[in-house]
Each structure stands twice: as C-alpha cells, then as structure tokens.
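1. Mind looking at a prediction? Sequence and model below.
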Amino acid sequence: MLALLGSLLLWASARIQIPFYPVPMTLQTAAVLLVGLVAGSRLGALTVGVYLLEGALGLPVFAGTPERGIGLAYMLGPTGGYLLGFALAAWLAGLAAERGVRGATLLAVLLAANAAIYLPGLLWLSLFVGWDGALAVGLVPFLLGDGLKLLLAWALFLALRRSLMPPAQRHS
C-alpha cells in the first residue's frame with residue numbers, strides 16, 4: 001500500500017512540469033529523493049518500481065504522457081534512462097536515511113543520488129542526440145533546478161522526521 005501511495009506522489013510530481021524537450025523539467029527528482037528518504041532503500045526502490053510498472057502497463061503516469069498513456073514506448077524513448085535512475089536514486093537516499101546519515105553528509109549522498117539519475121539518463125539520451133547533445137539538453141538546463149529540488153527534498157524530510165519523532169529525541 002505504501003509503494004502505491006508513493007507511486008501516486010511520483011505521478012503527481014510528473015504533472016508539475018515546465019515543458020522542455022526531450023527531457024521535461026518536473027518535480028520528480030525531489031519526489032524520488034523524498035520517497036527514498038522516507039521509505040528506506042528497499043521500499044523506496046520498490047515504490048519507483050511500482051511507478052515504472054504502472055507506466056509500462058500504459059497508465060498515464062509519466063511526464064507529458066497522453067490520457068491513455070503509451071507504456072513501454074515512452075520508457076524506451078529519450079527519457080528512459082532517467083526513469084531507471086529514479087530507482088537507483090531512491091535506493092541510495094533510502095540507504096542514507098536507514099543508516100542515520102545527517103547534515104552535510106546527507107546532502108552529499110543526495111547529490112550522489114541525483115548523479116545516479118543523471119548517469120543512466122545521459123547515457124541513454126546520448127543514443128538519441130549524441131553525447132554533446134545529451135549534456136546540452138539533458139544536464140546543463142537542469143543543474144540549478146535539481147539543486148533546489150534536492151534542498152527541498154532534504155528540508156521536507158527533516159520536517160517530517162522532526163514531526164514524527166518522539167519529543168524526547170527531537171533535540172538530536
């Protein structure tokens with residue numbers, strides 16, 4: 001049930017977008033990091049897996065998909081590598097949360113998790129537009145926004161952790 005709820009968050013974050021081609025700008029990277037941080041490594045990666053399965057089955061969960069969805073065709077398109085990277089990023093963020101990583105170290109892990117989205121994303125995108133094109137349209141325009149989304153996910157996680165933590169442990 002939690003994985004399904006998390007997949008709904010990923011769907012909603014895909015709908016908040018700035019149209020950009022071939023890779024749309026969405027809130028998904030923040031949602032992926034937050035899912036991993038809150039759910040942990042296994043459930044976080046499973047949540048992304050459920051989201052990807054929903055999309056593969058043709059549900060319109062991906063950014064810019066039509067009402068009836070387009071399933072595997074979308075996943076094999078230019079953004080397919082980023083979708084794979086979502087699972088890696090959720091797993092990394094979740095692993096850090098499970099191990100109690102905090103502060104600047106947690107931010108560094110979230111930066112690495114973002115890199116785990118970019119690496120397969122850029123490699124796959126380069127098959128469509130070449131390496132220079134992939135960097136130009138799949139990395140550079142996203143760096144500032146993804147940095148801000150990383151900070152947003154981190155801040156939301158800290159707020160959630162504080163609100164759910166027993167009062168006796170809030171000082172740490």
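-> Sure, I can see it. None of the values given here were measured: they were computed from a predicted structure. Numbering: from 1, shown residues only.

2. which stretches of this structure aren't confidently modelled?
-> Counting by pLDDT under 70, the chain contains low-confidence residues at 68, 165-172.

3. What are the boundaries of the strands in it?
-> Defined through DSSP state E, the strands belonging to the chain, from first to last, are 17-18, 25-26.

4. Skipping adjacent residues, who's closest to Ala112 in space?
-> For Ala112, the nearest residue in space outside its immediate sequence neighbours is Leu92; the separation is 6.1 Å by CB to CB, 6 or more residues apart in numbering. C-beta here means a position set from N, CA and C on the backbone, and glycine is covered the same way.

5. what's the neighbour count on the one you found?
-> 23 (other CB atoms under 10 Å).

6. Pro19 now?
-> With other CB under 10 Å as criterion, Pro19 counts 8.

7. Quick check: it touching Gly64?
-> Yes. When contacts are counted by CB atoms under 8 Å, Pro19 is listed as touching Gly64 (7.2 Å).

8. With Leu139 as the reference, measure out to the residue nearest to Ala112.
-> Noted for Leu92: a distance of 19 Å to Leu139, by CB to CB, to the nearest Å.

9. Would you mark the buried spots in stretch 136-144?
-> 137-138, 142 (16 or more other CB atoms under 10 Å).

10. Which helix runs longest in this protein?
-> Among the elements of type helix in the chain, defined by DSSP state H, the one spanning the most residues is helix 103-138.

11. Which neighbouring elements make contact with it?
-> With contacts defined as 3 or more CB pairs under 8 Å, 6 or more residues apart in numbering; DSSP states H and E, the secondary structure elements packing on helix 103-138 are helix 28-39, helix 80-98, helix 143-164.

12. Lovely, talk soon.
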